[in-house]
Structure formats: structure tokens, C-alpha cells
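# dropping the sequence and predicted coords here.
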Amino acid sequence: MLYRSYIRRLSVFAITTSTTNENRTNDSSAVSVNDMELTRTTETIDQLKQSFINRARSWFTNYLTKFCGLHEDRPKRIPWYDYLWSFCGCFVSVLILASMHYHLLAE
């Protein structure tokens, strides 16, 4: 949001600078105040871009560090026979559903 306001100010400044450049005399040895203001505005925009990039980088690294976790130990594994009972229960339930579908809805 702040970046956009600086861009708007720069565009307004560029318009006013271009109109004052047309009204200049041919004395090219003198440096005008508008040129110094334009340089200062350009430096301000560059600083603003760098601060935006730094804020975006810090936000992104903070976001990615959340995926590292809390560095806790894993829970203990359950015994192998619990895996076996789980597989048998799933297999039997799918077998029951398949046989019901085959016998009841086959008409």
C-alpha cells in the first residue's frame, strides 16, 4: 500500500517535471532543483523496493520454518498384530459389502 502511494507521487512528480522541463531555458550548465528532487525520489523508491523485498523475504522464511515442526520424537510404533487385525477387519468389511452388492442388487 505504501509502495503504491510512492508510485503515485512519482508519476505526479514526473508529470510536473516534464512540464517544467519544457519551460527551461537553454542553460544546461545549471542543475535545477527538479533534477535533484527526481534523483532523491528515485533513491526513495529504490529504498522502498528493498524494504519491501526484505519484508517479503522475512515473511517467506518465517512461513517455511513452520514446516520444520516442533522437533519432537515420533510416537512409538504399535505392534505388528494390530496392523494385521486392521487389515483383516478392512478386508472382511469390503468382502461383506461386495457380497451384498452381488447378491442383492444383481437382479
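Structure's in. What do you need? Quantities reported herein were computed from a predicted structural model and do not represent experimental measurements.
# what strand or helix carries residue 83?
Using DSSP states H and E, residue 83 maps to helix 80-104.
# any idea of the mean pLDDT for that helix?
What helix 80-104 shows for mean pLDDT is 95.
# which residues in this structure form helices?
Using DSSP state H, the helices of the chain run over 2-22, 33-65, 80-104.
# so, low pLDDT: which residues of the chain?
Along the chain, segments meeting pLDDT under 70 span 1-38, 107.
# do that again at 90, thanks
Applying pLDDT under 90 to the chain flags the ranges 1-54, 65-75, 103-107.
# for residue 41, the count of nearby residues, please.
Residues near residue 41, counting by other Cβ atoms under 10 Å, number 16. Where C-beta positions appear, they are placed from N, C-alpha and C, glycine not excepted.
# next, find the distance separating it from residue 51.
Look at residue 41 and residue 51: by Cβ to Cβ, to the nearest Å, they are 15 Å apart.
# can you check residue 78 too?
Distance from residue 78 to residue 51, counting by Cβ to Cβ: 52 Å.
# so between those two, which is more surrounded?
residue 51 (12 against 9).
# contact partners for the more buried one?
Going by Cβ atoms under 8 Å, 6 or more residues apart in numbering, residue 51 touches no other residue.
# any idea how far residue 70 is from residue 76?
Here the criterion is Cβ to Cβ. By it, residue 70 lies 17 Å from residue 76.
# actually residue 84, not the one I typed
Distance of residue 84 to residue 76, given as Cβ to Cβ: 18 Å.
# more neighbours, these two?
Applying other Cβ under 10 Å to residue 84 and residue 76 shows that residue 84 carries more neighbours, namely 10 against 6.
# for that one, give me its contacts.
With Cβ under 8 Å, 6+ apart, residue 84 has no contacts at all.
# report the separation between it and residue 72.
Distance from residue 84 to residue 72, by Cβ to Cβ: 28 Å.
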